[in-house]
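Enquirer: Okay, here's the prediction I keep looking at, along with the sequence it came from:
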Amino acid sequence: MQFLEDPVLWIAEWLREVLLGWGASELVTNMTLNFLGAFVVGAMIMVIFILLTWIERKAAARFQDRIGPNRVGPFGLIQPIADAVKMLTKEDTRPKGADVVGYVLAPIVSVFSVLMTWAVVPFTQKWIGADLSVGVMYVAAAGSFGIVAVLLAGWSSNNKYSLIGAFRGVAQLISYEVPLFLSLLVPVFLARSMGVNDIITSQTAVLFAIPWLNIPIRGFFVLAAPLSVVIYFISSLAEVGRAPFDLIEAESELVAGYHVEYSGMKFGLFQAAEFLHSFTFAALMALMFFGGWQGPWVGTNNLTGWLLGGFYFMLKTFFFYMMVMWSRLTFPRIRIDQMMNLNWKFMVPVSLVLLMGMPLIDYGLRGQELWLKYLVLFLFNLIVGLIAFAWAARADRRVKTHTRVRFEGRPVAVMPQAPAAAEDETAG
Amino acid sequence: MIPLSWYLILAALLFGIGLFGVLARKNVIAILLGIELMLNAVNINLLAFWRYLTPGDVTAQIFTVMVFVVAAAEVAVGLALVISVWRKRDTAYADELDMLKW
Amino acid sequence: MLLDNWLFVGLLVIVAAGIPAIVLVIARLLAPRKPNDAKLDTYECGMETVGDTWVQFKVQYYIYALVFLVFDVEIIFLYPWAVAFDHLDLLGVIAGVLFIFLLGDGLLYAWRKGALKWN
Amino acid sequence: MEPIQIVFLIGAALVLGSAVMVVTRRNLIHAALFLILTLSGVAMIFVLLEAFYWAVIQVVVYIGAIAILIIMAIMVTRNVTGDTVKPFNNMAVWAAMLSVVASGSLIWALSYWPAFDQTAPVADTGEYVIRLLGLELFSAEGYLIPTMIASVLLLAALIAAIKSAFPISQEEE
């Protein structure tokens, strides 16, 4: 095998031979290689986190018409390193009465939950940690630990604010997990498999080729279920807990939510978990609905296979990460009741309707051409989406959320002998 | 290879611990924790039997599904009852709940 | 063997718990530690903390968890259903749709009951 | 001793050790957190049994939903964390003896069973099992009726739980 064909496998083979040559047993070799693989995945994700902080600061600055970090290194690229050093050397206080084990464990569990997800993410066709037959459910399981971390952090800090913040956070996380799971069911249903690589390979089926140019249009699941993509994107925004769904943190109401009492590197780990969570959801979106490493000219077993595949996957992931950041920097935060209504009264019913309709269509078109199936599913999604949005807009008009509050007969801080117009001034 | 007996002994011990929790704890939620342990022991048993005796047949797994469903229903209703009783009586201890006794 | 795939997962458990733990250990070695009473006090916007931390919570939170639990359990049924879809007959498809419909029923009940309303 | 046996023993120690903590901890939140540890251990045992779907479902449903629900219920019913009251009733000694007898007799009775020391046969435990499970759950020759009954049971549990935990009846819209 040539090095350029697949460097990772080449290195793995080489290491295996070296280890076996040293007299290590088959088992020890296997363990060592797998451990190295796991370590590389984990370390790479942490390096990506460092890169993400730079991207975040730079992009936020551009959105707000600033320049952003530009002093440390070219384009401020060394800034994250400086940040990391600052985080590491900051004093780490632990409040009185905190539950020590829980307090230390919470940030670790939080990062753990994100890193575990990457076991099933295929970077290219061959580079996948573990191609599990239950991949999608595995992702959901890894995410479950994040909720435990929130509850643990809020409870063990021995602080009213953090406990209330944790409760709100858990209510938000578990609520939005319902549409998340339901929209992840759609690619599983379309691919008839839960393995992540199976889902990607079943998106390679050619729907039709553009005439004259002979460019094949492949059946990415976004074409069959655009509404599911929308639901997935919104609920993953809420799962991460960033604006417009950052009620978990709610700086102005709950000071900082469940991690009020955290400082120094422990806070930094929560931050890392949040960033990486967004990145993970972006990666999953690319994998589940946009074909992962699929793209033009991706070969199977050569240089272009891994180079282009990895490039496409990262391109898609960073694109969706930019979308997450874009919505974070654009939309104002919504109220908690609006957030719960959006979830339980809009997204969950819509995904249930989708899940009832799409199997029936699929069954009705069993044995038909693939492009016909995709077309009908696409139209069904479109119609359901239009009806749902129209209905939601109507319901929103009926419920007056912005009624003017008048304070009558209540002491309001008004200046004596104020002009008469001041009486109509309301608090909000 | 792990023989079947290991799993069965593990499940039996876990069941015993759960049983102790159910019988000895005073708090109703703690009793529910014990029940969860017992249900988990049952699940270990069912899946061990599936793997070792009938791996080509999923009947044992259907039973596991039902155990999950029953566990969820039991926790949901049980905790709701605990909360509702707690609001009326301000207690969650099993031996203080004597509304039906006179 | 299929367990080989899970070897990676098992080792990733060690790595994923180890990386943040090591980072915390490094921080512990590097960071200064000069605790005093004010620093270790519970943060409450500068006020003294009054009363116990264990404030009572609204049942509202619990209701959301309840609905979530029911949806979560039904997902156990729906994922195998989706995987096996090609082999199902019409009855199985209809049964699955009916299953989702019953799931929606529970949501509708909670909605009508006003249990999903945040107040 | 084979490596897989060592892995099993670690998992079993995790399960049993944390299960003991669950039933003996005075602080209920600690007990619930140890329950999470027990459930993770059981998931590990499921992986060793090659019941992969159930391992992940164990985490998703038990840790992600049931344990969270229990912790929330503990926090909602304040003053029940039990730091001051003793956790056991007066029958604790008898309960301990009874549980030792129960698990001891279970193991004793099972040890006479011929299949007690059986080793696992070679079988396909991958996606095939999940597909078969879905087929069996949703076909008339299989277990369609139990599935539907389970669905109705869950619906009933949801309604009952909301009804009893949420007494204020406020009709909406």
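Expert: Good, I have the coordinates.
Enquirer: Quick check, pLDDT for residue A:154.
Expert: Here, the pLDDT recorded for residue A:154 equals 84.
Enquirer: Say whether chain C is contacted by the host helix or strand of residue A:41.
Expert: According to DSSP states H and E, residue A:41 maps onto helix A:26-63. Yes. Residues of helix A:26-63 contacting chain C under Cβ under 8 Å from any Cβ of the partner chain: A:30-31, A:34-35, A:37-39, A:41-43, A:46. The C-beta positions use only the backbone N, C-alpha and C, and glycine is treated the same way.
Enquirer: I'd like the distance between residue B:28 and residue B:84.
Expert: 12 Å (Cβ to Cβ, to the nearest Å).
Enquirer: Residue B:96: how many residues sit nearby?
Expert: Each residue near residue B:96 was counted by other Cβ atoms under 10 Å in any protein chain shown, and the total is 13.
Enquirer: Look up how far residue B:65 lies from the nearest residue to it once chain neighbours are set aside.
Expert: The shortest distance from residue B:96 to any non-neighbouring residue, by Cβ to Cβ, 6 or more residues apart in numbering or on different chains, is to residue B:89 (7.3 Å). Distance of residue B:89 to residue B:65, computed by Cβ to Cβ: 36 Å.
Enquirer: same thing with residue D:112?
Expert: According to Cβ to Cβ, residue D:112 stands 30 Å off from residue B:65.
Enquirer: More neighbours: which of those two?
Expert: More neighbours surround residue B:65 than the other of residue D:112 and residue B:65, with 24 against 7 (other Cβ under 10 Å).
Enquirer: phi, psi of the more buried one?
Expert: Main-chain torsions, residue B:65, degrees, to the nearest 10: phi -60, psi -50.
Enquirer: try residue A:6
Expert: In terms of degrees, to the nearest 10, the main-chain angles of residue A:6 are phi -160, psi 90.
Enquirer: burial count for it?
Expert: Residue A:6 has 21 neighbours, counted by other Cβ under 10 Å.
Enquirer: residues contacting the residue lying closest to residue A:189 once chain neighbours are set aside?
Expert: Leaving aside its sequence neighbours, residue A:189 sits nearest to residue C:82 (Cβ to Cβ, 6+ apart; 3.8 Å). Contacts of residue C:82 were listed using Cβ atoms under 8 Å, 6 or more residues apart in numbering or on different chains, and they are A:185, A:188-189, A:192, D:134.
Enquirer: thinking again about what came up before, return the member of the residues of helix A:26-63 next to chain C nearest to chain B.
Expert: Among the residues of helix A:26-63 next to chain C, residue A:30 lies closest to chain B (Cβ to the nearest Cβ), at 17.6 Å.
Enquirer: Just give the closest residue to whichever residue of chain D sits closest to chain A, not the sequence neighbours.
Expert: Closest residue of chain D to chain A, Cβ to the nearest Cβ: residue D:64 (3.1 Å). Take residue D:64 and drop its neighbours on the chain: the residue closest to it by Cβ to Cβ, 6+ apart is residue A:144, 3.1 Å away.
Enquirer: In a helix, that neighbour, correct?
Expert: Yes. Applying DSSP: H, G, I helix; E, B strand; the rest coil, one finds residue A:144 inside a helix.
Enquirer: what about it, how many neighbours?
Expert: By the measure other Cβ under 10 Å, the count of residues near residue A:144 is 24.
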